[in-house]
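Enquirer: Got a predicted structure here, sequence first:
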Amino acid sequence: MNKTLDIDQFTVPTHYWHQLENGTIQCDVCPRACKLKEDQRGMCFVRGRKNDQIVLTTYGRSSGFCVDPIEKKPLNHFLPGTSVLSFGTAGCNLACKFCQNWDISKSREIDILADTATPEMLANTAARLGCRSIAFTYNDPVVFMEYAMDVADACREKNIETIAVTAGYICEKPRQEFYRHMNAANIDLKGFTEKFYWKICNGHLQDVLETLQYLKNETSVWFEITTLLIPGENDSEKEIDEMTQWIVEHLGPDIPQHFTAFHPDWKMMNKPRTPANTLTRARIIARENGLHYVYTGNVHDEKGASTYCSYCGTRLIGRDWYVITEWYLNNNGQCPNCGKPCPGVFEDNPGSWGANRMPVQLDVLADN
């Protein structure tokens with residue numbers, strides 16, 4: 001891909017767009033289908049029309065870098081215990097009122113992107129720090145997919161895995177290209193009613209369900225699902241029951257589901273924090289509906305954070321927050337008690353990164 005345009009060094013052309021009869025250009029990356037005149041930006045703010053094409057304005061720029069535990073993404077069945085280099089850019093194609101990274105995803109100031117990194121710099125940094133993977137997170141990588149895919153290609157040469165932490169709000173053709181570059185994903189299934197998606201997120205549920213089915217049926221990408229339960233909005237037993245039944249029927253019982261606790265943020269400061277018993281009840285409903293691997297998050301719950309054999313109930317991976325306290329999988333990723341495989345991507349031994357969080361300055365590393 002040609003990375004140069006006579007605009008600035010961080011702006012690159014894209015190819016998911018088409019021109020309409022009235023002279024506007026429609027961006028075709030996500031279902032929002034923004035129709036733009038010259039110099040207008042889309043709802044995500046980082047994709048816009050320049051020189052009669054849609055360009056990405058944040059290629060090679062980041063809002064910051066941090067080494068995290070993989071379980072924080074959250075991914076519990078993908079290289080447990082290892083460290084992941086996390087980064088994001090700016091902008092988002094949804095407008096969730098509860099966004100907990102709103103200062104990044106809702107930013108209209110590109111100047112917040114203080115760090116600059118080529119795909120090769122990121123891959124080299126991850127390798128130097130001993131990270132097994134890189135995660136595109138903080139804001140949705142769909143809006144900076146060209147950058148994310150190039151980083152993924154550079155990482156592949158270093159044997160570093162790539163992870164998309166995303167709401168899955170993407171159109172069919174870019175979805176196919178984007179996930180060809182990913183090894184794993186955590187999909188944020190924000191609720192299970194069209195009313196919630198439209199009222200709270202300014203989006204549509206069906207498009208996300210199509211992404212989930214595509215990942216299951218058409219790819220080898222390992223993925224897990226996260227739902228942030230918000231009191232009075234998407235936490236009813238009926239909605240959780242319908243959601244988890246759909247997951248079992250359309251994706252199968254082995255897809256890990258994470259129920260996480262909400263805390264007041266951005267435009268939903270009037271809502272209380274999610275009670276721990278709401279998460280526990282959601283976990284019970286999901287398991288009763290046949291999901292094998294259901295987790296609770298943003299609360300201290302060792303039972304809800306640990307992995308159990310779906311056949312005999314043996315605890316295979318014990319967790320206390322992000323720390324692995326017990327590892328009982330054999331070298332084939334099987335339960336040593338009954339021999340049943342545990343689905344996921346596992347190495348012979350877990351990583352030892354624990355709950356550490358380490359901010360990273362790429363320019364400092366490069367100078368050393």
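Expert: Done, it's in. Numbers count the residues shown, from 1 in each chain.
Enquirer: what's the burial count for Asn270?
Expert: Look at Asn270: counted by other CB atoms under 10 Å, it has 6 neighbours. Every C-beta, even on glycine, is put in place using the N, C-alpha and C of the backbone.
Enquirer: I figured it was touching Pro264, is that so?
Expert: Yes. Counting by CB atoms under 8 Å, Asn270 touches Pro264, with 7.2 Å between them.
Enquirer: where does Gly23 fall, phi/psi-wise?
Expert: phi 90, psi -10 (degrees, to the nearest 10).
Enquirer: My error: substitute Leu251 in the last question.
Expert: phi -120, psi -20.
Enquirer: isn't Asp207 right next to Ala33, touching?
Expert: No. Using CB under 8 Å, Asp207 is not in contact with Ala33; the gap is 11.1 Å.
Enquirer: So these two - more neighbours on which side?
Expert: For Asp207 versus Ala33, neighbours defined as other CB under 10 Å are more numerous around Asp207 (19 against 13).
Enquirer: Using the three-state scheme, assign the more buried one.
Expert: helix (DSSP: H, G, I helix; E, B strand; the rest coil).
Enquirer: That one: what's it in contact with?
Expert: Counting by CB atoms under 8 Å, 6 or more residues apart in numbering, Asp207 makes contact with Pro31, Gly168, Tyr169, Ile170, Cys171.
Enquirer: Ok, Thr280 next?
Expert: Counting by CB under 8 Å, 6+ apart, Thr280 makes contact with Thr296, Asp301, Gly304.
Enquirer: give me the number of residues near the closest residue to the second one other than its chain neighbours?
Expert: It stands for Asp301. Spatially, and ignoring its direct neighbours in sequence, Asp301 is nearest to Ala276 (6.8 Å; CB to CB, 6 or more residues apart in numbering). Ala276: 15 surrounding residues under other CB under 10 Å.
Enquirer: Distance of Ala276 relative to Phe262?
Expert: 12 Å (CB to CB, to the nearest Å).
Enquirer: ok, now which ones touch the most centrally placed residue in the chain?
Expert: Closest residue to the average C-alpha location of the chain: Val165 at 1.0 Å, with CA atoms, centre = their mean. Each residue near Val165 by CB under 8 Å, 6+ apart is listed here: Lys73, Ala135, Phe136, Thr137, Pro141, Ala185, Asn186, Asp188.
Enquirer: would it count as being in a strand?
Expert: Yes. The assignment for Val165, made by three-state DSSP, places it in a strand.
Enquirer: His258 versus that one, what's the distance?
Expert: Distance from Val165 to His258, by CB to CB: 12 Å.
Enquirer: what touches both of those two?
Expert: Joint contacts of Val165 and His258 (CB under 8 Å, 6+ apart) are Asn186.
Enquirer: And the strands in the stretch 1-150 of the chain?
Expert: With strands called from DSSP state E, counting those that start in this stretch, the stretch 1-150 of the chain shows them at 12-13, 17-19, 25-27, 35-36, 47-49, 54-56, 61-62, 64-69, 83-88, 115-116, 133-136.
Enquirer: Show me the one of the ones you listed that comes nearest Cys338.
Expert: Cys338 lies closest to strand 64-69 among these, at 28.5 Å (CB to CB).
Enquirer: Mind listing the strands the closest one pairs with, and their directions?
Expert: Strand 64-69 has the following strand partners under DSSP bridges: strand 83-88 (antiparallel), strand 358-360 (antiparallel).
Enquirer: Of those, which is nearest Arg281?
Expert: Nearest to Arg281, of the strands paired with strand 64-69 and by CB to CB, is strand 83-88 at 30.3 Å.
Enquirer: Check the offset of stretch 273-287 from the chain's centre.
Expert: 22 Å (CA atoms, centre = their mean, to the nearest Å).
Enquirer: Next, the buried residues of that stretch.
Expert: Thr274, Thr278, Leu279, Thr280, Arg281, Ala282, Arg283, Ile285, Ala286, Arg287 (16 or more other CB atoms under 10 Å).
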